[in-house]
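Novice: Pasting a predicted model and its sequence here:
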Amino acid sequence: MKRNALLLILLAALIGTAVVVNQSKQKRLGTANTGVKTRERLLPELASVDTLNTVRQIRIREADKQVNLAMIDGEWRVAERSNYPAAFDKITRTLVSLGEQKIAGTQRIGKSSFGNVKLLAPGDGTPETTGMFMEMMDQKGGLIASVIAGKNVESSGGASSNPFGGGNEQRFVRVPKDGDAVWIINDALSEIQTAPQEWIDKSFIDVRKLKSVEITAATPADSWSASRKDENSEFKFPENAIGDALDTAKAGSLATLLSNPTFTDVLPKDKATPEFMKNAVSTKLDTFEDFHYEVKLLEVQEGGKNAEPKNYLTVTVTAEMPKERTPEKDEKAEDKKAKDEAFAANKKALEEKLEHEKKFAGWIYEVPSYTVTTLLKKRSELLREKPKAPPTPQIRIPQPGGGLPLPDGPTEP
């Protein structure tokens with residue numbers, strides 16, 4: 001009996017010791033290195049919608065690269081691209097994601113080892129030891145929140161180095177106001193980049209219902225034009241004495257030319273000079289909706305002979321839209337109302353489209369090669385091959401006596 005009581009006392013002592021050790025361990029992890037208590041959210045300052053709405057400037061730095069985003073006249077813009085409009089959806093998504101970001105754990109690293117996991121701020125070390133520093137500020141530049149993102153947890157020495165487990169979606173981060181505390185989050189933050197072109201608004205023109213295209217090249221012989229009579233017809237060269245025909249397979253799908261295209265970057269104003277586009281190919285596109293696009297295209301070989309050429313584009317848009325609908329002959333009253341409403345709705349949509357696309361004038365865009373391949377082709381590259389003339393049959397005269405015909409040409413005497 002005494003023996004069982006002694007065993008119970010020893011067991012209770014062991015359990016008590018384990019609890020104390022575990023509490024001590026959790027306390028050390030929860031307070032990191034500087035006495036900062038753990039919390040649910042990484043950046044609680046951004047958890048409030050009211051606070052999010054006060055963010056008017058964002059600066060992201062990594063090594064020698066940076067991008068600055070700012071709200072100007074009610075619209076987000078990219079400073080490194082001469083204040084070109086920024087992608088509002090991406091900025092909103094980034095800020096909301098940071099505000100909702102939860103802390104998955106802490107890591108005892110020590111200030112002297114910050115460089116090992118790239119948690120030094122840019123300027124405080126080499127590119128190999130510094131991380132991505134993101135700062136959110138108000139209209140006057142007052143800091144609202146900031147965070148430094150370091151290495152992915154796995155890249156710092158494998159999953160075994162992370163006491164909280166995890167994989168390549170976890171990342172070490174540091175909030176400067178938290179002193180030496182190092183946090184772990186379940187997000188690689190891969191959508192946040194320092195490249196300015198990743199933040200610009202990629203909405204663009206949309207050429208619909210193309211009616212005709214006219215290309216004016218530097219060499220007149222390389223110029224060409226094509227048109228179609230309606231949306232269901234094929235494009236053809238204008239009638240001419242030569243009789244050349246457009247090979248629609250070589251021309252690609254002209255019907256969808258510059259239909260919902262994209263661009264990769266926009267040149268800053270200091271580089272987008274009139275001289276830059278002086279050797280450009282001129283293009284005119286007219287649509288069945290009476291939209292007129294004047295496009296200039298330039299192919300530039302950069303980075304050596306083996307490098308892929310870059311393509312640049314400028315565009316201006318005008319349109320001629322009827323102000324009123326012409327009633328049909330013997331049109332019924334009930335039909336007139338429905339058609340008038342449809343006409344008004346379509347007219348409004350076209351006016352909004354025109355207003356949107358006029359904003360792209362004055363900028364030089366870098367576009368993927370596949371977007372403008374057809375427009376850069378020479379006329380000779382679009383011709384349908386003419387059928388070859390059939391060979392002239394040889395006429396052989398039968399010989400008297402039913403013998404075989406003699407071969408053509410002179411015979412021996």
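Specialist: Received, thanks.

Novice: rest of the way, CA atoms for contacts and neighbours
Specialist: Fine.

Novice: right, and Thr262 touches Ser203 too?
Specialist: Yes. Using Cα atoms under 8 Å, Thr262 is in contact with Ser203, at 7.4 Å.

Novice: Show me the strands in the stretch 1-150 of the chain, by range?
Specialist: Here the stretch 1-150 of the chain has its strands, by DSSP state E, counting those that start in this stretch, at 57-62, 65-72, 75-78, 84-85, 103-106, 132-137, 143-152.

Novice: again, but for the stretch 201-350 of the chain
Specialist: 210-216, 224-227, 265-266, 281-287, 291-300, 310-319.

Novice: Tabulate the strands of the stretch 1-150 of the chain (JSON lines), appending distance to Pro387.
Specialist: Formatted as JSON lines, those follow (distance: least, Cα to Cα, whole Å):
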{"stretch": "strand 57-62", "distance to Pro387": "61"}
{"stretch": "strand 65-72", "distance to Pro387": "58"}
{"stretch": "strand 75-78", "distance to Pro387": "55"}
{"stretch": "strand 84-85", "distance to Pro387": "52"}
{"stretch": "strand 103-106", "distance to Pro387": "72"}
{"stretch": "strand 132-137", "distance to Pro387": "63"}
{"stretch": "strand 143-152", "distance to Pro387": "63"}
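
Novice: For Thr373, which of those is the nearest?
Specialist: Minimum separation from Thr373 across the strands of the stretch 1-150 of the chain (Cα to Cα) falls at strand 84-85, 26.2 Å.

Novice: Let me have the strands of the stretch 1-150 of the chain in CSV, extended by mean pLDDT, distance to Asp244 and mean neighbour count.
Specialist: Shown next, in CSV, are the strands of the stretch 1-150 of the chain (pLDDT from 0 to 100; distance: least, Cα to Cα, whole Å; neighbours: other Cα atoms under 10 Å):
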stretch, mean pLDDT, distance to Asp244, mean neighbour count
strand 57-62, 98, 56, 21
strand 65-72, 97, 52, 18
strand 75-78, 98, 48, 21
strand 84-85, 98, 44, 21
strand 103-106, 94, 69, 20
strand 132-137, 98, 59, 22
strand 143-152, 96, 61, 22
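
Novice: pLDDT below threshold where in the stretch 151-300 of the chain?
Specialist: Within the stretch 151-300 of the chain, the set of residues satisfying pLDDT under 70 comprises 155-168, 240-242.

Novice: Tell me where it has helices.
Specialist: For the stretch 151-300 of the chain, applying DSSP state H, counting those that start in this stretch gives helices covering 248-251.

Novice: returning to what we had before: out of the strands of the stretch 201-350 of the chain, flag the one nearest Lys65.
Specialist: Closest to Lys65 of these, according to Cα to Cα: strand 265-266, at 16.4 Å.

Novice: so which of the strands of the stretch 1-150 of the chain gets nearest Ser212?
Specialist: Closest approach to Ser212 among those (Cα to Cα): strand 84-85, 31.0 Å.

Novice: where does the stretch 1-150 of the chain have low pLDDT?
Specialist: 1-35.

Novice: quick one: the helices in it?
Specialist: Using DSSP H, counting those that start in this stretch, helices in the stretch 1-150 of the chain cover 2-30, 49-52, 88-100.

Novice: Now do the buried residues in the second one.
Specialist: Going back to what we said before, that points to helix 49-52. For helix 49-52, burial by neighbour count (16 or more other Cα atoms under 10 Å) applies to Leu52.

Novice: Can you show me the CA trace of it as PDB?
Specialist: Below are the C-alpha coordinates for helix 49-52, written out as PDB (Å, rounded to 0.1, in the frame of the first residue of the first chain):
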ATOM      1  CA  VAL A  49     -11.100  48.600 -42.700                       C
ATOM      2  CA  ASP A  50     -10.900  52.200 -41.400                       C
ATOM      3  CA  THR A  51      -7.100  51.800 -41.100                       C
ATOM      4  CA  LEU A  52      -6.800  50.200 -44.500                       C
END
